[in-house]
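Engineer: Next one to model:
(chains A and B)
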2 protein chains.
Amino acid sequence: MTFSFECLTQDNHTHARAGVIHTAHGDIPTPVFAPVGTQATVKTLTPDDLHNLGATLILANTYHLYLRPGPDLIADFGGLHHFMQWDGPILTDSGGFQVFSLEGLRDIDEDGVTFRSHLDGSKHRFTPERVVAIQEKLGADIIMAFDECPPPDDYTYNIEALDRTHRWAERCRQAQQRSDQALYGIVQGGIFADLRVQSAEFLTGLDFPGYAIGGLSVGESKADMHTMLDVLHPILPAHKPRYLMGVGSPEDLFECVARGIDQFDCVLPTRIARNGAVFTPNGRVNLRNARFATDKNPIDPDCTCYTCRTFSLAYLRHLIIAKETLALRLTTIHNLQFMLETMRRIRQSILDGNFAAYKNDFLHKYKAVAEENRGQRKR
Amino acid sequence: MTFSFECLTQDNHTHARAGVIHTAHGDIPTPVFAPVGTQATVKTLTPDDLHNLGATLILANTYHLYLRPGPDLIADFGGLHHFMQWDGPILTDSGGFQVFSLEGLRDIDEDGVTFRSHLDGSKHRFTPERVVAIQEKLGADIIMAFDECPPPDDYTYNIEALDRTHRWAERCRQAQQRSDQALYGIVQGGIFADLRVQSAEFLTGLDFPGYAIGGLSVGESKADMHTMLDVLHPILPAHKPRYLMGVGSPEDLFECVARGIDQFDCVLPTRIARNGAVFTPNGRVNLRNARFATDKNPIDPDCTCYTCRTFSLAYLRHLIIAKETLALRLTTIHNLQFMLETMRRIRQSILDGNFAAYKNDFLHKYKAVAEENRGQRKR
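Structural biologist: You can find the predicted model right below:
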């Protein structure tokens, strides 16, 4: 087993911790934010760009890559790392969230899910065994169990789905053949503390090398999300990494690291970048705004990304208004730099013993967008 | 005057020559191919990318930049170089070709052209004086006279337009105030040898620092284009650079360098890249082709561009089929590398005295696309 997690420092005032996940493709300092590369590419960026930004883990989507270009083709290339030429750690999700999002196009039974492709309507079937086999072909360093992701506030549905998710987690564990990939179990249970506890206890019994928390960031409130993390903290084993799926915004990083989360992924920074919205230490701004039309300053004078070192707000706005695709790349570079650099500072503050102070300082300056988290996991 | 042209070598067998254009923003080894950056950006690329590709001159469009973001804004930034953060030589066209292409939306009179914006229908007017003033605000190293660009095979229209273009050329020369920009005259006259001769003789009398050949690559045959270049060669002064506007394809570089051309620009390599078509030593191929779906080779194993050093044909095809914008950037990088590297080799072969052999060798391998040149200047 090439995978291990090392906790270096535990914060004195919060549940925040700094550590390292060791993988066959390199170390991942934690806490970590993983940019999303749905179709084997973090949209608009090359692997060189990601290295320059200091990305240490990226996510790719099993559902999308299964449909196109297909797991056999990728396996024939020696796996995703070779296919996309990213030699650092990769995580693939299980496709569970995506197929459950195909409302009207999917049918769930005890054994798995039958669904139709959003691309061409063709019929497909995912079972726990099949999803593990696909992820073994894709060859990521961290792979995920096949789970069901019900609406977070439907108690009856969550009870039923949770039992199925647990049986599927066992089947995934059984199905795994490769020893160089870490299979994470996914805790479900919506916004219900009793179900989350039950899920964490069940999955902990299966002794996964890491635990994901799924079914959050899909419409529930931030308060509910935080409550669930608080409930789960004492149950999930401290010596295993904890991955909060599909989260988050800059402020989520602080709030959820404080609640013991080690791993994040989210389309938010890259998606809003493509809409012209960028992060600054004072909050999010949209570059389409006319007030930037003549502004000679960079997005953030203290940011060291290529975009901020090179271009004015006026030029970036011009590219956006003129519908130039270069704009997408430049805003994506900045937003990922912001997320990755913020996470590096969070980690350093934990190591230095002043995470709480940094958190207060950051959140005091950063004006969060109300409920920006809602639905952001939809990809 | 910071601008000068130095001819280093004249080929023994053809009219090809190798030289250097000196500008305030650096030297341009000639013959040179200029990538087109219509809206103050070579689509999908950063200035860093262009430097890495070895670009020594880029073109920007006066018509587009006049409408958006406007010459006053760019002047306020200290000119195009500062606005777009490209510190190498820049050429701006005069907008003549663009406004004449606005059929139904423009009205030509002796004094200038009234036209409506393709963006919002607003009314504008270009005169020779105004076009020079705009280009002085944009601040390119090489600027162009305001010309009329009639259909190449309409003799009567070409006679009438040519007189106007000549009067406008004189007015442009008069209107110029900056001494750090080289204003080129533009030879017109369609596919008619007598008109071309008349135009070249008239403009030569005005003693421009360089001469452009306009109105070609807009629908006429390659044979007609070559004939016009042959006609013009003995008339245009040998100690001034010659710029063939809106040309060309890889094979055009050879055929037109052989006819004494020093400068080229064309949207072809970048535009076809965005449609998935790439240049190879054997001709143009489209990466959408199913035969590339499993191909582990790069586009061209001998190419040194980032795309060829990094990615397989299968991965590039995947990005194109999946509509990932990264594909546009990777194919653009390759096609510009192909054009710029081919031009570097052409220049070296002239210096080494074996241009004719290199030309034969290249064209023997390269399967040209029939009439690919037609209409390629439409931007």
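
Engineer: can we go C-alpha only for contacts and neighbour counts from here?
Structural biologist: Fine.

Engineer: and the lengthiest helix in chain A with helix B:326-352, angle?
Structural biologist: Criterion DSSP state H: the longest helix present in chain A is helix A:326-351. With axes from the mean of the first three to the mean of the last three CA atoms, to 10 degrees defining the directions, helix A:326-351 sits at 110 degrees from helix B:326-352.

Engineer: is helix A:326-351 up against chain B anywhere?
Structural biologist: Yes - using CA under 8 Å from any CA of the partner chain, helix A:326-351 reaches chain B at A:Leu326.

Engineer: so what's the residue nearest to the spatial centre of chain A up against?
Structural biologist: In chain A, the C-alpha nearest the mean C-alpha coordinate belongs to A:Asp265, at 1.5 Å (CA atoms, centre = their mean). When contacts are counted by CA atoms under 8 Å, 6 or more residues apart in numbering or on different chains, A:Asp265 touches A:Phe33, A:Ala34, A:Pro35, A:Val36, A:Leu59, A:Leu244, A:Met245, A:Gly246, A:Val247, A:Gly248.

Engineer: I'd like to know which of those residues is nearest to chain B.
Structural biologist: Closest to chain B out of the contacts of A:Asp265 is A:Val36 (13.4 Å), distances taken as CA to the nearest CA.

Engineer: wouldn't the closest one be in contact with A:Ala60 here?
Structural biologist: Yes - assessed by CA atoms under 8 Å, A:Val36 is found in contact with A:Ala60 at 6.3 Å.

Engineer: neighbour-wise, which of those two wins?
Structural biologist: A count of neighbours by other CA atoms under 10 Å in any protein chain shown puts A:Val36 above the other of A:Val36 and A:Ala60, at 27 against 24.

Engineer: Which residue, other than its chain neighbours, is closest to that one?
Structural biologist: Nearest-residue entry for A:Val36: A:Leu59, 4.8 Å, with adjacent residues in sequence omitted and distances by CA to CA, 6 or more residues apart in numbering or on different chains.

Engineer: For the one you found, grab the count of nearby residues.
Structural biologist: 27.

Engineer: That one belongs to a strand?
Structural biologist: Yes - looking at A:Leu59 with DSSP: H, G, I helix; E, B strand; the rest coil, it is inside a strand.

Engineer: and the stretch 251-379 of chain A, which residues reach chain B?
Structural biologist: A:Thr294, A:Lys296, A:Thr310, A:Phe311, A:Ser312, A:Tyr315, A:His318, A:Leu319, A:Ala322, A:Glu324, A:Thr325, A:Leu326.

Engineer: Check the stretch 51-200 of chain A too.
Structural biologist: Counting by CA under 8 Å from any CA, the stretch 51-200 of chain A sits next to chain B at A:Arg68, A:Pro69, A:Leu73, A:Phe77, A:Phe83, A:Met84, A:Gln85.

Engineer: all strands for the stretch 101-250 of chain A, in order.
Structural biologist: A:106-108, A:113-116, A:123-126, A:142-144, A:182-187, A:210-213, A:242-244 (DSSP state E, counting those that start in this stretch).

Engineer: centre of the chain versus the second one, how much separation?
Structural biologist: Offset of strand A:113-116 from its chain centre (CA atoms, centre = their mean, to the nearest Å): 24 Å.

Engineer: For it, buried residues please.
Structural biologist: A:Val113, A:Thr114, A:Phe115, A:Arg116 (16 or more other CA atoms under 10 Å in any protein chain shown).

Engineer: cool, and the longest one?
Structural biologist: Of the residues in strand A:182-187, those scored as buried under the neighbour-count criterion (16+ other CA under 10 Å) are A:Ala182, A:Leu183, A:Tyr184, A:Gly185, A:Ile186, A:Val187.

Engineer: and the two most separated of those residues?
Structural biologist: Spanning the widest gap among these are A:Ala182 and A:Val187, at 15.9 Å by CA to CA.
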